[in-house]
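Participant: 3D, please:
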Amino acid sequence: LRQRQRGPHRPPSPGPGPHRDTGLSPHTGVVPFVALLLLQRRPVAGRALLVTGSGCPGHGLCRSNVQEQTRRQVAVLNATAQELFSLYLKCQGEPFSSETDKLCNPAGIFFPAFRVNRTSERKEVMVAMYKLFAFLNASLGNITRDQEELNPMAKELLERLHNTTKTTRGLISNLTCLLCKNYNIFQVDVRYGDSSKGKSAFKKKQQGCQVLRKYVQVIGQAARVLLPHLSPS
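Facilitator: Numbering: from 1, shown residues only. From the prediction side, this is the model:
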């Protein structure tokens, strides 16, 4: 999936750069070339472009079990989101532990709108999912980088962040494949939030807290909407 650039800022990568594939799960449902295109994350507005030609790079290249893999990945992210948020809070210390509602209120941050539901068309749901998890992947890169700087000894937290990033990347690759295979969509524009680079330690912690809290709120809804669309026929 290619993404159009509309600004000078590129969200920090949570792993290897866009020309290496070593950070991707080997069990994703798309070939590395498409996965590499995925990692070129840029801040752009959100809309899907339907392409009617034969340019979709992932067409016919999905693994046979890509749909089941996608179901499992969404289920894993849903099951572990609250634990990740709780561990993040614990590692930030005060005042985040005692003033969570105030400091981690996500109302003031950008997060992709998620307006699809179980009655939405499957294509709409898949595109909305791609935008959501592409945003999350970039945000996890920011959070992981900040925590490596601020809490380098928080091994469990860092491991969970890396594992969540790995699962998210695998999910994005599978969504790429399904969008190409089923709808010939190979270009989705995605808008990202602000980078935390250059902010104070407190602001970095707060931004991570806000994003992860919103993630907990949204992932449950995303799982409820997406999983029925991926049920075996």
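
Participant: helix or strand right after whichever strand or helix holds Y130?
Facilitator: According to DSSP states H and E, Y130 maps onto helix 122-150. Counting by DSSP H and E, the next helix or strand C-terminal to helix 122-150 is helix 155-183.

Participant: Give me the helices and strands touching that next one, please.
Facilitator: Applying 3 or more C-beta pairs under 8 Å, 6 or more residues apart in numbering; DSSP states H and E, one finds that helix 155-183 makes contact with helix 32-38, helix 66-92, helix 122-150. In this view, the C-beta of every residue, glycine as well, is placed from N, C-alpha and C.

Participant: Just want the angle from that helix to helix 122-150.
Facilitator: Angle, helix 155-183 to helix 122-150, by axes from the mean of the first three to the mean of the last three C-alpha atoms, to 10 degrees: 160 degrees.

Participant: Tell me the buried residues in helix 155-183?
Facilitator: Neighbour counts over helix 155-183 (16 or more other C-beta atoms under 10 Å) mark 157-158, 160-162, 164-181, 183 as buried.

Participant: Repeat that for stretch 89-100.
Facilitator: Under 16+ other C-beta under 10 Å, the buried positions of stretch 89-100 are 89, 91-92, 96, 100.

Participant: got the contact list for it?
Facilitator: Applying C-beta atoms under 8 Å, 6 or more residues apart in numbering, the external contacts of stretch 89-100 come out as 103-104, 147, 151, 154, 157, 205-206, 208-209, 213.

Participant: mind putting those in JSON lines, pLDDT and distance to F135 included?
Facilitator: Shown next, in JSON lines, are these (pLDDT from 0 to 100; distance: C-beta to C-beta, whole Å):
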{"residue": "L103", "pLDDT": "96", "distance to F135": "21"}
{"residue": "C104", "pLDDT": "96", "distance to F135": "18"}
{"residue": "Q147", "pLDDT": "97", "distance to F135": "19"}
{"residue": "N151", "pLDDT": "97", "distance to F135": "23"}
{"residue": "A154", "pLDDT": "97", "distance to F135": "24"}
{"residue": "L157", "pLDDT": "98", "distance to F135": "21"}
{"residue": "K205", "pLDDT": "97", "distance to F135": "20"}
{"residue": "Q206", "pLDDT": "96", "distance to F135": "18"}
{"residue": "G208", "pLDDT": "96", "distance to F135": "14"}
{"residue": "C209", "pLDDT": "97", "distance to F135": "17"}
{"residue": "R213", "pLDDT": "96", "distance to F135": "15"}
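
Participant: Lowest mean pLDDT among the helices and strands of the chain, which one is it?
Facilitator: helix 32-38 (a mean of 35; mean pLDDT, DSSP states H and E).
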